[in-house]
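1. generate a structure from the sequence data that follows.
(chains A and B)
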Amino acid sequence: MNGMSPIVQTVARFVKVFILLFGVYLTFTGHLTPGGGFAGGVVIGCLYILLTLAHGKSLSLTYFSSGAAHGLDSLGALMFLLVACLGLGLGGIFFANFLQKAYPGAEFSLLSAGTIPISNIAIGIKVASSLFLVFVVMAVARIIEKKDGGTDYKQDEEEE
Amino acid sequence: MGIELILIIILVFILLGAVIAVEIRDLLSAVISLGVVGFGLSIAFVFLQAPDLAIVQIAVEVVLLILLIRATIRREVRSTHAHINWPSLFLVVILCLGLVGFAYIALEELEFGAPAASKVEESPTNHYLRQGLTETGAANIVTSVILDYRAYDTLGEATVLFTAIIGALAILRGVARKKKGDK
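-> Next comes the predicted model:
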């Protein structure tokens, strides 16, 4: 998959920082304002999809390879599970908010609500890498039907 | 009355987009008019005071549209002769009548927009709304519900996403792996 026109590439170069910032903001302040890990993760995943569409898959995959996406996907899921198990170990209940009971932060401040921001970050990492993987699998790699009826999996390098 | 009027306008747009998406012949035009449904829904969420849902809806809608456009662009569609499928039409009519009846009964009991928890004093919803900030420390009640009170559901949702990715990667992977003995 090659890139798009220079207009799209220039605009993508300007807005990419703001999109990343917005995604991180949504993830980190999910316990204070609307948003949260899922929404922030989708926005960050959208950023990588935009870069892939604008500059072609080679640039996007050099900075965020699908192997790294696999790793981050699993890392986010394991982080979320770790928070849950720590709640079981330290708080007595699965998903107990042990940090809030031990160190209650000031209300409406960034460092409050105990384990909720950590869970938000874990879900954000997971959703961002998952969406990028979905895009890579469904749009960049393409299934090509063979002549003899079987199917072949092929990266569409020469097609477009 | 103001919100209901706005909602009716948005719903008419959504219905128009959905009907056009089903009836139009060109696949790309169908995908784009399907976008009206998603974006109209996110605007409706804003007017119904659910900004969390609106953000998620608009972001997911963008990703979905990009994927659908990438999947349908430059693809030939075989056209078939339309014929009316009477059993499914019957089912659709029954379902629509049931939905209208349910909405009528619900609006008889409750005012439009009033939560069902306003009828029951000791409901969990009232507990979350009153005690959510002091018990979890999160100012956003939605987050305190999905990541503290109902975190099991979020874990299940994350598991569903994870399983979906594993399945998609296994089916659509670029390189097939062979065992040593296989040909």
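2. count the residues that sit near the nearest residue to residue A:20 once chain neighbours are set aside.
-> Excluding its sequence neighbours, the residue lying closest to residue A:20 (C-beta to C-beta, 6 or more residues apart in numbering or on different chains) is residue A:47, at 5.6 Å. Every C-beta, even on glycine, is put in place using the N, C-alpha and C of the backbone. By other C-beta atoms under 10 Å in any protein chain shown, the residues close to residue A:47 number 23.
3. helix or strand: which one has residue A:47?
-> Using DSSP states H and E, residue A:47 falls within helix A:37-55.
4. can you name the element that comes right after that helix?
-> helix A:57-63.
5. which parts of that following helix are buried?
-> A:57, A:60-61 (16 or more other C-beta atoms under 10 Å in any protein chain shown).
6. likewise stretch A:33-51?
-> A:34-51.
7. cool, and stretch A:17-29?
-> Across stretch A:17-29, burial judged by 16+ other C-beta under 10 Å covers A:19, A:22-23, A:26-29.
8. list the buried ones in the helix or strand bottoming out on mean pLDDT in chain B?
-> Lowest mean confidence among the helices and strands of chain B (mean pLDDT, DSSP states H and E): helix B:124-136, at a mean of 81. By 16+ other C-beta under 10 Å, the buried positions in helix B:124-136 come out as B:128, B:132-133, B:135-136.
9. equivalent analysis for stretch B:85-105, please.
-> In stretch B:85-105, counting by 16+ other C-beta under 10 Å, buried: nothing.
10. starting at the chain centroid, how far to it?
-> Stretch B:85-105 sits 20 Å away from the centroid of its parent chain (C-alpha atoms, centre = their mean, to the nearest Å).
11. any idea which element the residue nearest to the spatial centre of chain A lies in?
-> Compute the mean C-alpha point of chain A, and by C-alpha atoms, centre = their mean the closest residue is residue A:128, 0.9 Å away. Counting by DSSP H and E, the element that carries residue A:128 is helix A:116-135.
12. close to chain B, is that helix?
-> Yes - using C-beta under 8 Å from any C-beta of the partner chain, helix A:116-135 comes into contact with chain B via A:116, A:119-120, A:123, A:126-127, A:130-131, A:133-135.
13. quick one: list the elements packing against the helix or strand following the least confident helix or strand of chain B.
-> Counting by DSSP H and E, the next helix or strand C-terminal to helix B:124-136 is helix B:141-144. If you count contacts as 3 or more C-beta pairs under 8 Å, 6 or more residues apart in numbering or on different chains; DSSP states H and E, helix B:141-144 packs onto helix A:116-135, helix B:124-136.
14. the next helix or strand after helix B:141-144 to helix A:116-135, inter-axis angle?
-> For helix B:141-144, the following helix or strand on the C-terminal side (DSSP H and E) is helix B:151-171. If you take axes from the mean of the first three to the mean of the last three C-alpha atoms, to 10 degrees, helix B:151-171 sits at 20 degrees to helix A:116-135.
15. any buried residues in helix B:151-171, and which?
-> So, applying 16+ other C-beta under 10 Å, buried residues of helix B:151-171: B:151, B:154-155, B:158, B:161-162, B:165, B:168-169.
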